[in-house]
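I would like to see how this sequence folds:
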Amino acid sequence: MVQHELKYNSHVAATDAFLDKLLDVKETTVDRIYGKLVESGNYNPNKALWRDFPQSKATEQALYEPFTAAANAVNEACTALGLPVEIQTSWLDRHNTAPKSRDTDAPAIRPDIVSVLGATKDLKELDTKIYAKEEAACLLQNADLGAEQQADELAQAWWHRVHVPVEIKLGKGEKDILSAVQQLCAYMRQVFREQLDRRFVFGLAFCATELSVWFCDRSGLIGTETAFDIHKEPKKFIQVIAALALLPPDRLGWDPSMWLYRPSAEEHFVHSWESGVKLEDFGSNAYRTYWAFDMPSRDGKTRERFISVHGLSLVRSEIMCGRATLVWEVVRDDEEAKDETRYVLKQCWRPMSSHRESYFYEHARSTNASASLNVGKVYSSEDVHIGAEVDTTLAMRRGLTLTPTSITDEPVTGKRDRGDTIERFIHVQTTAGGGARFSAPASDPNPRILSRMLMETYGWPIKFFKDIPELLRVIRDAITGHRTLYYGGVLHRDISVGNILICPEDNDEQKTHGELIDLDYAKSTADFTPPVVFIDQEGWDRDTKEGYETFPKTIPLAFRVNLTEDAFYALWIRYGGGLNKITTYVLGILDLKEGLKKAKRPLTCEDLDIYYETSPRPDFSAHKAQVVARTATMCFASYEILKDRKYYLIGRAEHNSIHDMEAIFWVVDYLCLTRDGPGGSRRKELRGEQCGGAANSLEQIVYCFFDSENVQVLLENRKTLFDDYTDVETYIVKQFHPYFDVLKPLVVEWWRLIRFAYFSGSYTPMHQPFLEVLNKTLEEIEKKPPSKQSTATLAELERRRKDLSHVREFRKIQKAAGLRQPSPPAMWNTSPPRAHHTRHTYKPAMDSTMAAAEPSSPPVRTKKHKGDV
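Residues are numbered from 1 along each chain as shown. Have a look, this model is predicted:
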């Protein structure tokens with residue numbers, strides 16, 4: 001995961017420039033510290049050696065204690081000299097408490113040496129507890145999962161106090177250095193995962209006698225180009241260690257724009273790095289920790305403070321190069337603890353080249369007055385400032401010049417390697433002086449900016465529907481929301497299960513509506529094409545009249561039909577006078593609607609699914625894609641978007657509304673295939689609770705169309721599905737859970753509409769035909785007498801009631817001034833692991849053509865995420 005993420009996002013800088021820009025300490029200060037260390041005997045200038053370091057080849061373990069002692073000696077010298085220490089830290093050697101695991105291939109989950117916040121006493125005690133729990137889990141093997149879970153929870157708390165991780169290797173060859181850097185990146189990723197107020201992280205890789213320094217923010221990794229010998233260049237070592245204690249917290253990666261909230265403490269709002277902060281001030285996990293943020297008021301004239309009640313989506317916190325989006329449910333800081341209005345705070349590191357998400361909501365509303373209908377509602381938003389400066393990765397890197405070179409792809413064995421192939425993401429060269437030189441790929445980093453948006457929209461992902469009518473109504477609302485955005489000049493481009501919400505009205509768990517959210521990847525335009533103005537034949541030009549007279553002769557005699565003037569004129573304008581294209585379109589409609597072949601009258605616009613557009617249609621042709629482009633959630637994306645090629649026509653595919661409608665089709669398919677009814681529960685066949693051919697067939701379909709992480713598998717199977725329209729019924733609809741049988745005709749009809757739209761090349765907005773099919777299905781269902789609510793529906797309603805009570809419970813906690821944690825929302829529970837598949841198509845006969853599409857080795861096993869698509 002780490003190597004894949006950083007493969008094209010790793011860079012190096014000249015070592016002196018790196019240290020002077022990112023870890024700048026005055027030369028006179030370094031000299032004073034050096035003098036103090038020589039005076040105390042911690043560094044021997046005659047031998048050019050730090051105290052207690054072995055003078056001859058030793059074991060790796062022999063390096064831990066002297067390295068830790070040298071780093072602590074630097075900190076102590078800073079204190080003794082009366083230097084202004086910004087963060088109280090100490091260095092901890094914990095290599096004797098290596099983690100235990102029942103998985104003998106498991107990676108090291110905590111570094112052997114760390115710089116920790118505060119004193120080491122608490123962390124040592126916590127290490128002892130973790131070790132005991134891990135050892136118990138290991139000895140008991142599968143008998144006690146509780147011990148392992150408790151160890152995981154303690155480890156999460158442990159990471160809250162990590163300031164800088166260190167990785168040590170005995171050797172300084174290429175293999176050793178690469179292994180050290182890769183392991184160090186895994187530690188930095190874990191820091192991001194557990195410390196939600198970290199903007200960037202420093203890490204140290206020490207190989208034999210040489211130190212390299214690494215910096216990771218949301219634009220990727222930067223390292224010192226040349227590793228230096230800490231014995232021969234002690235002042236560089238002093239500069240690094242001293243800077244990690246003397247620089248302001250924001251210069252060391254901490255975020256001063258968010259605070260820990262402690263209801264029971266005398267001082268409610270503190271930064272997590274401040275002295276006096278205890279592990280008990282954090283929740284038992286990231287979702288249960290209270291954070292405070294200041295945001296603009298609705299009118300932007302003042303600032304208001306909001307406090308998180310619980311985390312909604314935090315799984316992307318560990319992203320080392322990307323948006324790293326985090327989402328919390330928050331309430332306004334109310335001294336009387338009475339206001340129970342809930343909001344949603346969304347934070348992300350967006351590319352500096354892209355608009356803030358709130359821009360798209362505002363753009364759509366300014367163009368289309370109804371654009372707030374069934375679309376998320378923004379309270380306020382801002383780009384975060386650190387002091388007077390906007391918080392960007394560009395500013396963090398302080399004008400550092402990067403040195404790009406080539407990249408290799410040879411496998412490297414890392415610490416406790418699982419045996420999987422790991423692509424090398426950093427190339428190491430040897431300098432004339434014998435030190436290691438690092439180089440990186442020739443690609444510029446993508447600068448990012450920290451943004452926050454406060455939403456008034458709160459709801460649950462659509463997989464938590466309570467019954468079929470609600471599911472259909474929410475999908476209908478999402479399509480309506482998409483349409484209002486579209487005619488407001490905004491195209492969503494990222495339809496997924498998580499972006500369609502079931503929103504409660506007046507805190508009523510049963511009274512709901514749907515809203516479409518998440519415009520991170522939207523595109524906008526101010527260009528519009530006027531709707532077609534229908535004119536009588538008397539106003540046609542000669543070519544149009546001749547085309548109308550000729551058209552009937554292009555239709556086969558078996559079902560020759562004619563069109564009304566309006567219908568012909570609409571198609572004539574749509575296809576620019578292309579008679580062959582008009583004929584192809586009409587024949588396609590006749591294939592879809594068999595009854596029209598025998599019609600004794602001219603076919604109308606309604607017959608031909610031509611809808612009168614009263615609003616100007618947006619024209620996105622002038623839109624320029626970003627350098628770093630992503631325009632869909634992969635498992636719900638159209639083949640045309642995944643492949644950047646049209647299904648039937650020649651040319652590249654431009655993301656349009658039809659692709660979002662296809663994504664909605666795949667969302668419904670996904671729910672019908674993977675869920676067993678209300679409440680979001682995954683089918684038992686996909687939880688490993690049922691074996692046999694039926695389960696295997698279902699797993700294969702879900703893998704081929706949704707779960708594969710190989711884009712080639714997804715796009716090839718989607719393309720194959722277009723070759724025979726009956727495959728949707730034969731392979732996909734057939735595997736629907738029986739609960740969703742009533743939706744089978746809707747899905748088949750939607751598929752016919754989608755396939756025909758691509759085949760005819762019309763690419764017209766599909767909202768109206770989709771809604772007509774959906775409304776017809778919903779009407780038929782609602783005609784039937786209401787049945788008794790199922791056990792699953794009742795359980796889902798109870799879950800909603802508990803979820804809606806979080807704010808009320810939080811206010812009680814505030815009033816009682818006692819820290820008590822509400823339960824985390826069930827919607828973010830971990831999903832079962834996905835099975836590894838050796839077949840890559842839904843049609844067994846085709847599999848030989850796809851065998852090369854999937855890597856031969858299984859994916860690297862990683863910790864489960866707190867979430868599910």
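
what's the distance between the closest residue to residue 598 other than its chain neighbours and residue 596?
Using Cβ to Cβ, 6 or more residues apart in numbering and skipping the chain neighbours, the partner closest in space to residue 598 is residue 559 (7.2 Å). (Glycine included, C-beta is placed from N, CA and C.) Distance of residue 559 to residue 596, given as Cβ to Cβ, to the nearest Å: 8 Å.

Mutual contacts of these two, please.
Listed as contacting both residue 559 and residue 596 by Cβ atoms under 8 Å, 6 or more residues apart in numbering are residue 590.

Compare neighbour counts for these two and give me the winner.
The neighbour count for residue 559 versus residue 596, taken as other Cβ atoms under 10 Å, is higher for residue 596 (17 against 13).

List the contacts of that one.
Contacts for residue 596 (Cβ under 8 Å, 6+ apart) come out as 561, 589-590, 603, 607.

Mind doing that once more with 10 Å?
Residue 596 makes contacts with 559, 561, 586, 589-590, 603, 607-608, as judged by Cβ atoms under 10 Å, 6 or more residues apart in numbering.

Ok, residue 664 next?
So residue 664 contacts 475, 478-479, 482, 495-496, 500, 516, 636, 750, 754, 766-767, 770, 774 (Cβ under 10 Å, 6+ apart).

so which strand or helix has it?
Per DSSP states H and E, residue 664 falls inside helix 657-674.

Restricting to C-alpha, output that helix in CSV.
The C-alpha atoms that make up helix 657-674 are tabulated as CSV, following Å, rounded to 0.1, in the frame of the first residue of the first chain:
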residue,chain,number,x,y,z
SER,A,657,-24.4,12.9,-17.3
ILE,A,658,-25.0,9.5,-18.9
HIS,A,659,-21.9,8.2,-17.1
ASP,A,660,-23.3,9.3,-13.7
MET,A,661,-26.7,7.7,-14.5
GLU,A,662,-24.8,4.5,-15.3
ALA,A,663,-23.1,4.8,-12.0
ILE,A,664,-26.5,5.0,-10.3
PHE,A,665,-27.4,1.8,-12.1
TRP,A,666,-24.3,0.1,-10.7
VAL,A,667,-25.1,1.4,-7.2
VAL,A,668,-28.5,-0.3,-7.3
ASP,A,669,-27.0,-3.5,-8.7
TYR,A,670,-24.4,-3.5,-6.0
LEU,A,671,-27.0,-3.2,-3.2
CYS,A,672,-29.2,-5.9,-4.7
LEU,A,673,-26.2,-8.3,-5.1
THR,A,674,-24.4,-7.7,-1.8
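
now it, how far from the centre of its chain.
A distance of 19 Å separates the centroid of the chain from that of helix 657-674, by Cα atoms, centre = their mean, to the nearest Å.

Run through the helices of the stretch 101-250 of the chain in chain order.
Under the criterion DSSP state H, counting those that start in this stretch, helices of the stretch 101-250 of the chain are mapped to 121-140, 145-159, 174-194, 234-246.

C-terminal to the last one, what's the next element?
Okay, so that is helix 234-246. strand 258-261.

re the thing from before, what is the mean pLDDT for the helix holding residue 664?
Regarding helix 657-674, the rounded mean pLDDT is 96.

ditto for stretch 739-750
The pLDDT scores in stretch 739-750 average 96.

before we move on, back to that, may I see the contacts of residue 596 arranged in TSV, with secondary structure, distance to residue 704 and pLDDT as well?
What follows is the contacts of residue 596, written out as TSV (DSSP: H, G, I helix; E, B strand; the rest coil; distance: Cβ to Cβ, whole Å; pLDDT from 0 to 100):
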residue	secondary structure	distance to residue 704	pLDDT
559	helix	37	74
561	coil	39	85
586	helix	34	89
589	helix	30	86
590	helix	32	86
603	strand	38	92
607	coil	36	88
608	coil	34	86
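
May I have stretch 469-488 exported as PDB, CA atoms only?
C-alpha atoms of stretch 469-488 as PDB (Å, rounded to 0.1, in the frame of the first residue of the first chain):
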ATOM      1  CA  PRO A 469     -40.100   2.100  -1.000                       C
ATOM      2  CA  GLU A 470     -37.600   4.200   0.900                       C
ATOM      3  CA  LEU A 471     -34.700   2.800  -1.200                       C
ATOM      4  CA  LEU A 472     -36.500   3.800  -4.400                       C
ATOM      5  CA  ARG A 473     -37.500   7.300  -3.100                       C
ATOM      6  CA  VAL A 474     -34.000   8.100  -2.000                       C
ATOM      7  CA  ILE A 475     -32.600   7.000  -5.400                       C
ATOM      8  CA  ARG A 476     -35.300   9.100  -7.100                       C
ATOM      9  CA  ASP A 477     -34.300  12.100  -5.000                       C
ATOM     10  CA  ALA A 478     -30.600  11.500  -5.800                       C
ATOM     11  CA  ILE A 479     -31.500  11.500  -9.600                       C
ATOM     12  CA  THR A 480     -33.500  14.700  -9.000                       C
ATOM     13  CA  GLY A 481     -30.600  16.200  -7.200                       C
ATOM     14  CA  HIS A 482     -28.200  15.300 -10.000                       C
ATOM     15  CA  ARG A 483     -30.500  16.800 -12.500                       C
ATOM     16  CA  THR A 484     -30.800  20.100 -10.600                       C
ATOM     17  CA  LEU A 485     -27.000  20.200 -10.300                       C
ATOM     18  CA  TYR A 486     -26.600  19.400 -14.000                       C
ATOM     19  CA  TYR A 487     -28.900  22.100 -15.200                       C
ATOM     20  CA  GLY A 488     -27.100  24.400 -12.800                       C
END
